[in-house]
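In: following is a predicted model, sequence given first.
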Amino acid sequence: MSEQTDPRPLWLSGHMAPVPDEIDAADLPVDGTLPSELSGRYFRNGPNPLPGEPSVHWFSGHGMVHGVRLRDGRAEWYRNRWVRTTSFTEGAPMLRPDLTVDRAAVPANTHVVPHNGKIYALVEVGFPYELTPDLATVGPCDFGGRLTGAMTAHPKEDPRTGELLFFGYGFTPPHLTYHRLSADGELVESREIEVPGATMMHDFAITENHVVWLDLPLVFDLSLASHGMPYRWDDGYGARLGVMPREGGAVRWYDVDPCYVFHVGNAYEDETGRVVVEGPRYGRDGFDRIWSAIGGPAVTGRDLARAGSAIGGARLHRWTLDPESGKAVEEALDDRGVEFPTHDESRTGLPHRYLYTVTDDSIVKYDVRTGATATHAPGPGLHPGEAVFVPAEGARAEDEGWLLSIVSDGAARGSELVVLDASDLSRTASVRLPRRVPAGFHGNWIPDAPAVPSTIGPIG
Ligand SMILES: [Fe+2]
């Protein structure tokens with residue numbers, strides 16, 4: 001069935017269509033040579049409504065995590081599992097009859113993030129769900145009762161301190177709360193942040209000394225509840241980035257040209273103390289295009305539900321926030337439509353040189369210092385997902401390592417986990433997966449725990 005004649009919405013058809021069940025497969029076929037030091041698990045989350053279940057928005061389906069276990073140059077297994085949230089197992093509604101919010105009744109479909117030896121499936125409207133390394137669900141986590149609101153799906157682990165910084169937003173006050181989880185998993189700080197209204201805040205950024213907020217004009221509108229994601233663009237809201245000292249103090253806001261940003265690539269402080277933020281930026285048209293294509297209200301009145309791709313409306317952009325002038329300087333870095341930016345996470349919040357993104361049909365590497373780009377196109381009809389960077393052991397260059405991406409066929413013929421050499425985007429290996437993996441959102445490489453040197457001397 002061609003995409004033109006398929007009556008299903010974009011997110012239920014082609015390479016985005018959900019799969020009907022959970023499977024396991026062992027000893028997967030590999031083309032090329034998997035680097036033996038890639039020992040660990042690649043987990044990737046995405047929405048996957050149950051067969052026959054109504055789906056009003058791409059973002060609303062139950063989370064399903066796809067996992068590939070690599071060890072000693074072999075692809076030992078693939079498995080996929082729905083996250084057993086209470087909305088999955090019991091059909092629990094997020095809004096209780098008394099209109100309070102059940103933070104465990106959520107789809108947990110956006111990201112899968114390790115911290116302090118635990119693995120969390122995340123969605124921005126609720127509590128994290130802990131998973132086992134075999135993708136079984138342990139249950140929702142509120143950090144010993146300390147987390148009382150939602151947790152973003154895009155927390156940032158500070159590579160210097162090991163802390164996990166995150167936030168939650170809500171359509172009722174407090175609209176924005178900053179949180180800090182210690183390196184050993186204790187929620188040690190929660191701070192309410194004043195913002196003018198309730199918006200969808202999908203991501204944020206950190207730098208060495210600051211947190212950067214994205215206060216952008218995608219505002220909450222209860223009248224749109226039937227769309228699943230009751231948010232719409234409001235020109236009247238304005239658009240601003242906020243720089244907040246991590247150690248405490250007021251947020252300094254910088255007005256920016258109205259835009260939406262789902263994802264930050266990275267941010268850092270330059271040598272003069274300016275905060276530099278880079279990521280794919282949507283203007284109004286680009287945003288309307290994706291939002292209506294994935295189930296949101298078509299605010300322009302144009303029917304874009306058949307837009308054909310969920311990627312393509314955003315361009316890589318740089319905002320430089322200057323505390324001297326109080327102004328933001330903006331710069332478009334490219335004219336390709338890209339999404340899902342990644343980087344070497346040992347540089348999160350620190351100056352970086354490379355960002356990795358995907359277009360509808362390619363993986364694109366940016367050298368943001370020189371402006372050079374490189375691309376890898378997996379082939380006609382193939383769509384790469386987010387490319388996760390895994391550093392090589394003892395890497396000296398920032399791009400010494402691999403990119404892992406699940407590539408899926410638009411004609412639903414199958415998927416593979418592709419391993420690219422991040423330095424030149426050449427293909428190192430690919431793992432043939434036993435089924436098509438639907439296009440989804442975000443994932444992580446979770447390396448096997450490094451051997452811990454024994455501190456106990458030999459007995460006797
Ligand atoms: Fe995201």
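Out: It's in.

In: can you point me to the longest helix in this structure?
Out: Residue-count comparison of every helix in the chain, with assignments taken from DSSP state H, identifies helix 284-293 as the longest.

In: relative to the whole chain's centre, how far out is it?
Out: Relative to its parent chain, helix 284-293 has a centroid offset of 19 Å by Cα atoms, centre = their mean, to the nearest Å.

In: do stretch 32-50 as well
Out: 15 Å.

In: what about that stretch, how long is it end to end?
Out: From the first residue to the last, stretch 32-50 extends over 35 Å; the measure is Cα to Cα, to the nearest Å.

In: what of stretch 264-277?
Out: By Cα to Cα, the extent of stretch 264-277 from end to end equals 7 Å.

In: so what touches it?
Out: Around stretch 264-277, the neighbours that count as contacts under Cβ atoms under 8 Å, 6 or more residues apart in numbering are 154, 203-210, 212, 214, 241, 243, 278-280, 316, 318-323, 341-343, 347-352, 355, 357. Where you see a C-beta, it was placed from the backbone N, CA and C, and this is true even at glycine.

In: report the buried members of those.
Out: Buried by 16 or more other Cβ atoms under 10 Å: 154, 203-207, 210, 212, 214, 241, 243, 278-280, 316, 318-322, 341-343, 347-352, 355, 357, out of those.

In: where strands are concerned, which of the residues you listed count?
Out: Among the buried ones among the contacts of stretch 264-277, the members found in strands (DSSP state E) are 205-206, 210, 212, 214, 241, 243, 278-280, 316, 318-322, 341-342, 355, 357.

In: contact partners for the closest residue to residue 295 other than its chain neighbours?
Out: Across the structure, with Cβ to Cβ, 6 or more residues apart in numbering as the measure, the residue nearest residue 295 apart from its sequence neighbours is residue 57 (3.3 Å). Residues in contact with residue 57, defined by Cβ under 8 Å, 6+ apart, are 11, 227, 228, 229, 294, 295, 296.

In: distance of the first one relative to residue 257?
Out: Right, residue 11. Distance, residue 11 to residue 257, using Cβ to Cβ, to the nearest Å: 29 Å.

In: and the two? Which one has more around it.
Out: Neighbours were counted for residue 11 and for residue 257 using other Cβ atoms under 10 Å; residue 11 has more, 24 against 11.

In: which SS class is the more buried one?
Out: Applying DSSP: H, G, I helix; E, B strand; the rest coil to residue 11 yields a three-state assignment of helix.

In: that one and residue 48, how far apart?
Out: Distance, residue 11 to residue 48, using Cβ to Cβ: 10 Å.

In: what touches both of these two?
Out: Any residue near both residue 11 and residue 48 by Cβ under 8 Å, 6+ apart counts here, and that gives residue 61.

In: one step back: list the buried residues of the longest helix of the chain.
Out: 286, 287, 288, 289, 290, 291, 292, 293.

In: quick one: neighbours of residue 22, just the number.
Out: Residue 22 is surrounded by 12 other residues when neighbours are defined as other Cβ under 10 Å.

In: got it, and residue 445?
Out: Other residues near residue 445 come to 22 when the count uses other Cβ under 10 Å.

In: ok, it - contacts?
Out: 38, 40, 41, 42, 388, 390, 404.

In: what about the stretch 251-400 of the chain, any weak spots by pLDDT?
Out: In the predicted model of the stretch 251-400 of the chain, residues 297-309 satisfy pLDDT under 70.

In: now do the strands in it.
Out: Taking DSSP state E, counting those that start in this stretch as the criterion, the stretch 251-400 of the chain contains strands spanning 252-255, 266-269, 275-282, 314-322, 327-332, 339-342, 354-358, 363-367, 373-376, 382-384, 388-391.

In: can you redo those strands as JSON lines with distance to residue 25?
Out: As requested, the strands of the stretch 251-400 of the chain are exported to JSON lines (distance: least, Cβ to Cβ, whole Å):
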{"stretch": "strand 252-255", "distance to residue 25": "50"}
{"stretch": "strand 266-269", "distance to residue 25": "35"}
{"stretch": "strand 275-282", "distance to residue 25": "34"}
{"stretch": "strand 314-322", "distance to residue 25": "35"}
{"stretch": "strand 327-332", "distance to residue 25": "44"}
{"stretch": "strand 339-342", "distance to residue 25": "26"}
{"stretch": "strand 354-358", "distance to residue 25": "25"}
{"stretch": "strand 363-367", "distance to residue 25": "25"}
{"stretch": "strand 373-376", "distance to residue 25": "26"}
{"stretch": "strand 382-384", "distance to residue 25": "21"}
{"stretch": "strand 388-391", "distance to residue 25": "21"}
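
In: looking at these, which is nearest to residue 97?
Out: With Cβ to Cβ, the closest approach to residue 97 among the strands of the stretch 251-400 of the chain belongs to strand 275-282: 36.7 Å.

In: which residues does the residue lying closest to residue 388 once chain neighbours are set aside bridge with?
Out: Taking Cβ to Cβ, 6+ apart, and ignoring the residues beside it in sequence, residue 388 has residue 404 as its nearest neighbour in space, at 4.9 Å. Bridge pairing for residue 404 (DSSP bridges) gives the partners residue 388, residue 419.

In: so how far is residue 444 from residue 404?
Out: Applying Cβ to Cβ, one obtains 9 Å for the distance of residue 404 from residue 444.

In: looking at the two, which is more packed in?
Out: Between residue 404 and residue 444, counted using other Cβ under 10 Å, residue 404 has the larger neighbour count: 26 against 22.

In: pretty sure residue 9 contacts residue 310?
Out: No - applying Cβ atoms under 8 Å, one finds residue 9 not in contact with residue 310, separated by 10.8 Å.

In: just the helices in the stretch 1-150 of the chain please.
Out: Listed in chain order, the helices of the stretch 1-150 of the chain (DSSP state H, counting those that start in this stretch) span 86-89.

In: so where's it shaky on pLDDT?
Out: Low-confidence segments of the stretch 1-150 of the chain, defined by pLDDT under 70, are located at 1-6.

In: mind listing the strands for it?
Out: Ranges of strands within the stretch 1-150 of the chain are 24-26, 30-32, 40-47, 63-71, 74-82, 111-115, 118-122, 129-131, 137-140, based on DSSP E, counting those that start in this stretch.

In: burial of the nearest residue to residue 37 once chain neighbours are set aside, as a residue count?
Out: Leaving out its chain neighbours, the residue that sits closest to residue 37 by Cβ to Cβ, 6+ apart is residue 393, at 5.3 Å. Neighbours of residue 393 under the rule other Cβ under 10 Å: 10.

In: residue 393 and residue 36 touch, don't they?
Out: No - at 10.3 Å, residue 393 does not count as touching residue 36 under the criterion of Cβ under 8 Å.

In: who's in contact with the nearest residue to residue 63 once chain neighbours are set aside?
Out: Here the nearest residue to residue 63 in space, its sequence neighbours aside, is residue 109; by Cβ to Cβ, 6+ apart that works out to 3.3 Å. Applying Cβ under 8 Å, 6+ apart, one finds that residue 109 lies in contact with 45-48, 59, 61-64, 83, 121, 123, 440-441.

In: kindly recompute the last result at 10 Å.
Out: With contacts defined as Cβ atoms under 10 Å, 6 or more residues apart in numbering, residue 109 is in contact with 45-49, 58-65, 82-83, 85, 121-123, 153, 440-442.
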